[in-house]
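# sequence and predicted structure below; questions after.
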Amino acid sequence: MVAVALAILGAATAVGLTEKDGVESVQSLLREESPDVFLAKATLQQYLSRVVRRDWDGVKRLTHPKARALQPWAMRNDELKTFEFKSARSAGPGAVVIEMAEDVYHRDSEAMSTGDPAVYMLFKSRGSWRVGDRKAGAHLRSVSNDAVRTGYPGWVDHAGLAQARRESRVAAKHR
């Protein structure tokens, strides 16, 4: 990892970036999110884009099979308009939590709320990431990894757990 960082720093200075710019580039690389977090965020991006477009079949395909309460198509009076990723983290093998800020149009009051916080839980199931739950009004710091693991037993299927464990061992070897 150090060799890669030095190579990037050398390449950055060779193309005319200052040493400070090169160090900042290396630091951003080192802060790069894990593949699980990246893929879970991509899944949530697809999911929420489909909610905005009201593509309920697409939303259902990205919804975890155990998610009973997560039914955005049932919210007739509220319409998600835009969303922004705030932060994300792994909550254990096969589980990721993501904080979003959402802009929602409320038909009843004909008003728009902006930046509403929500935390989504995504789980590895059937070989891909699925949206499992949404905690409206929550922030990432208020959702512990233990709460996700104990509150959603069996949501990460055996294949997903095995794959997550293999990936974490491979990632640990390359650090």
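Nice, thanks for sending it over. These numbers were taken from a predicted model, which means no experiment stands behind them.
# so what secondary structure elements neighbour the longest helix anywhere in the chain?
Longest helix of the chain, by residue count under DSSP state H: helix 35-53. Applying 3 or more C-beta pairs under 8 Å, 6 or more residues apart in numbering; DSSP states H and E, we find helix 35-53 packed against helix 56-61, strand 78-92, strand 95-106, strand 111-125, strand 128-136, helix 158-173. Heads up, the C-betas are built off the backbone N, CA and C, glycines and all.
# phi first, then psi, for Ser34.
Phi and psi for Ser34, reported as degrees, to the nearest 10, are phi -70, psi 160.
# could you look up the SS state of the nearest residue to Gly94 once chain neighbours are set aside?
The shortest distance from Gly94 to any non-neighbouring residue, by C-beta to C-beta, 6 or more residues apart in numbering, is to Val156 (3.3 Å). Secondary structure assignment for Val156 (DSSP: H, G, I helix; E, B strand; the rest coil): coil.
# do you know the pLDDT at Val156?
Note for Val156: predicted pLDDT of 93.
# numbering from 315 from now on, please.
Noted, 315 is the first residue going forward, which turns the last one into Val470.
# residues near the residue nearest to Val366 when sequence neighbours are not counted, how many?
Among residues not flanking Val366 along the chain, Leu394 sits closest, at 5.4 Å (C-beta to C-beta, 6+ apart). For Leu394, the neighbour count with other C-beta atoms under 10 Å is 20.
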